[in-house]
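Need coordinates for the below:
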Amino acid sequence: MPVVESREKFFRGGAMDSWKKAVIAGAVGAATVLFLKKRISAGVLASGVALAVVAAEYPEKFDQVRKSLPDYFDRGMRVMAMASRAGERITEAAGRGAADVWDEIGG
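Sure, this is the predicted structure:
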């Protein structure tokens with residue numbers, strides 16, 4: 001299993017210095033606490049610190065992710081549009097059904 005091996009290598013040594021791991025862990029932990037306390041801007045800042053350290057350590061992977069982001073956003077927007085259309089159809093069907101029942105009752 002290459003994923004487990006790479007994960008073990010990432011967390012146990014080989015790939016990254018210990019101080020970088022500590023900075024990432026601390027920044028992610030701080031960001032989590034800040035988001036939970038509703039301090040969004042501070043949480044984004046702490047997340048940015050973690051991302052900056054990861055980007056400095058793995059620039060080629062980060063560049064690859066950066067180049068593929070527009071595709072992810074495009075797919076996400078299509079999914080949201082489909083969900084919106086489905087919601088509209090459900091609302092129309094529910095509204096029509098209630099109106100028909102109301103007319104049958106004589107309201």
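
What segments of the protein are helices?
2-12, 18-36, 40-57, 59-105 (DSSP state H).

mind giving me CSV with these and columns for mean neighbour count?
Where you see a C-beta, it was placed from the backbone N, CA and C, and this is true even at glycine. Listed next are the helices of the chain as CSV, based on neighbours: other CB atoms under 10 Å:
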stretch, mean neighbour count
helix 2-12, 10
helix 18-36, 14
helix 40-57, 15
helix 59-105, 10
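
Could you export these as TSV, including mean pLDDT?
Putting the helices of the chain into TSV (pLDDT from 0 to 100) gives the following:
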stretch	mean pLDDT
helix 2-12	55
helix 18-36	93
helix 40-57	92
helix 59-105	82
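
and the chain, what are its domains?
1-57, 66-107 (automatic domain parsing).

Chain neighbours aside, what residue packs nearest to Ala27?
Once flanking residues are discounted, Ala27 sits nearest to Ala50: 3.8 Å by CB to CB, 6 or more residues apart in numbering.

Was I right to think the one you found contacts Thr32?
No. Contact criterion CB atoms under 8 Å: Ala50 and Thr32 do not qualify, at 10.5 Å.

Return the residues in contact with Gly43.
30-32, 34-35 (CB atoms under 8 Å, 6 or more residues apart in numbering).

now do Val49
23, 27.

just the one 10 residues further on next, same as before
For Pro59, no contacting residues are found, by CB under 8 Å, 6+ apart.

quick one: it from Val65, how far?
11 Å (CB to CB, to the nearest Å).

How about Lys38?
For Lys38 relative to Val65 (CB to CB), the value is 28 Å.
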